[in-house]
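Asks: quick check, what structure comes out for this input:
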Amino acid sequence: MTPALLLAGHGTRSTAGVEEYFALADRVRALAPELTVGTGFIELASPPLTTAAGDLAAAGHEHIVVLPLVLLGAGHAKTDVPGSIAAARRQLPGVRFTYGRPLGVHPNLLTVLDERLTAAVPPAERSHTAVLLVGRGSSDPDANADLHKVSRLLWEGRDWPLVETGFVGLTHPRIPQALERLRLLGATRIAVVPYFLFTGVLEERIRAQSAAYARQHADVAVTVTGYLGPDDRIAGLALDRYAEALDGTAVMNCDGCVHRRPLPGFADKVGLPQVPHAHPDDPGPAPPAPPADEGVHTHG
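Replies: Presented below is the predicted three-dimensional model:
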């Protein structure tokens, strides 16, 4: 039997956001109809990952590839999902689990971003519209640095005059700071791009904060583009990540990982145990913390 794919979504309180996650899963199924695709969430939506894994096992699957359906490799990909896999392993000792890697910095995602910008910015305004790419923000500096890399790659080879990076939480610059930086650099038109897979509370917050800044600065026109959303190119990328997980080539950069390297300000994170995120719908007892070297966090 072909190993099943379990898409580990973050979850959101937004009904529309959850529906978009399932819509992306349907696109994955449409591209690979021979593949069984399970769906589960880290938090805020049901089912939890352990339940989704149990459903796949009950259907006869003895090998499950878990893919963190997140954009960048932060705590959810490095800790929460591996913690859930460890819990599922204890509950399903006869099932083999293989872990993939996040979607990451990829040309498919950059292409979709540029299309969202093109839809929001008329061609005549493109060459004098600055771009602010806004991500979730993380306590993981490697993930925050990767968002800056996405911004740089969005600027390289395209005619956007400026592409800056901002965050909606957890780190800086926040949205008002980043918009002000662009204004001080001379921008009079700014397109804000939410770097999110789906809508949700944070994506809506980006729109609200951008609108508030625009109301206070009549000399700057601020527009907010669409987010990534369900798209066949993202579904195809998920299948690529599934294939490389099976091939044993799903690797990540350990040089900037706070769980492996004592980076300044984050040295206390080295070797911390990987634990699942608390999910109120998870039927099982809270599992004990697995040892840090259990092997589910494979990005070496």
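Asks: going forward, measure contacts and count neighbours with C-alpha atoms only.
Replies: Noted.
Asks: what about Thr165, is that helix, strand or coil?
Replies: Secondary structure for Thr165, judged by DSSP: H, G, I helix; E, B strand; the rest coil, is strand.
Asks: contact partners for the nearest residue to it once chain neighbours are set aside?
Replies: Leaving aside its chain neighbours, Thr165 sits nearest to Leu133 (5.0 Å; criterion: Cα to Cα, 6 or more residues apart in numbering). By Cα atoms under 8 Å, 6 or more residues apart in numbering, the contact list for Leu133 reads 151, 163-166, 192-195.
Asks: tell me which element Leu133 is part of?
Replies: Leu133 is part of strand 130-135 when elements are defined by DSSP states H and E.
Asks: now that strand and strand 163-167, what's the angle there?
Replies: Per axes from the mean of the first three to the mean of the last three Cα atoms, to 10 degrees, the angle that strand 130-135 makes with strand 163-167 is 30 degrees.
Asks: please begin residue numbering at 7 from this point
Replies: All right, first residue 7 from here; so that's strand 136-141.
Asks: now strand 136-141: mean pLDDT?
Replies: For strand 136-141, mean pLDDT rounds to 98.
Asks: describe which strands that strand pairs with in its sheet and in which direction.
Replies: Strand 136-141 has the following strand partners under DSSP bridges: strand 169-173 (parallel), strand 195-200 (parallel).
Asks: redo those strands as TSV? Include distance to Glu186.
Replies: Converted to TSV, the strands paired with strand 136-141 look like this (distance: least, Cα to Cα, whole Å):
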stretch	distance to Glu186
strand 169-173	11
strand 195-200	10
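Asks: Arg96: which of those strands is closest?
Replies: Nearest to Arg96, of all those, is strand 169-173, at 36.8 Å by Cα to Cα.
Asks: show me the contact partners of that closest one.
Replies: If you take Cα under 8 Å, 6+ apart as the criterion, strand 169-173 is touched by 136-143, 153-154, 157-158, 160-161, 178-181, 184, 188.
Asks: skip ahead from it and say which helix or strand is next.
Replies: Using DSSP H and E, the next helix or strand after strand 169-173 towards the C-terminus is helix 181-190.
Asks: which strands and helices lie in contact with that following helix?
Replies: Judged by 3 or more Cα pairs under 8 Å, 6 or more residues apart in numbering; DSSP states H and E, helix 181-190 is in contact with strand 136-141, strand 169-173, helix 207-222.
Asks: so of the ones you listed, which one's packed in deepest?
Replies: Burial of those is given as mean neighbour count (mean count of other Cα atoms under 10 Å); strand 136-141 ranks first at a mean of 26.
Asks: tell me the angle of that one relative to helix 207-222?
Replies: Here strand 136-141 runs at an angle of 150 degrees relative to helix 207-222 (the same axes, to 10 degrees).
Asks: mind giving me the PyMOL select for the contacts of strand 169-173, buried ones only?
Replies: To isolate the buried ones among the contacts of strand 169-173 in PyMOL, judged by 16 or more other Cα atoms under 10 Å, type:
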select buried, resi 136+137+138+139+140+141+142+143+153+154+157+160+161+179+180+181+184+188
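Asks: sorry, back to before: and the residue nearest to Thr171, how far from Val156?
Replies: Taking Cα to Cα, to the nearest Å as the measure, Leu139 falls 8 Å from Val156.
Asks: could you do Leu30 as well?
Replies: To Val156, Leu30 is 22 Å away according to Cα to Cα.
Asks: residue ranges of the strands in the stretch 7-156 of the chain, please?
Replies: All strands of the stretch 7-156 of the chain, identified by DSSP state E, counting those that start in this stretch, fall at 10-15, 43-47, 69-74, 102-105, 136-141.
Asks: and the ones you listed as JSON lines, adding distance to Ala214?
Replies: Below are these laid out as JSON lines (distance: least, Cα to Cα, whole Å):
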{"stretch": "strand 10-15", "distance to Ala214": "25"}
{"stretch": "strand 43-47", "distance to Ala214": "26"}
{"stretch": "strand 69-74", "distance to Ala214": "28"}
{"stretch": "strand 102-105", "distance to Ala214": "36"}
{"stretch": "strand 136-141", "distance to Ala214": "13"}
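Asks: so which of the ones you listed gets nearest Ala63?
Replies: Taking those one by one with Cα to Cα, strand 69-74 is closest: 8.3 Å.
Asks: report the angle between that closest one and strand 43-47.
Replies: Here strand 69-74 points in a direction 50 degrees away from that of strand 43-47 (the same axes, to 10 degrees).
Asks: cheers, nothing more for now.
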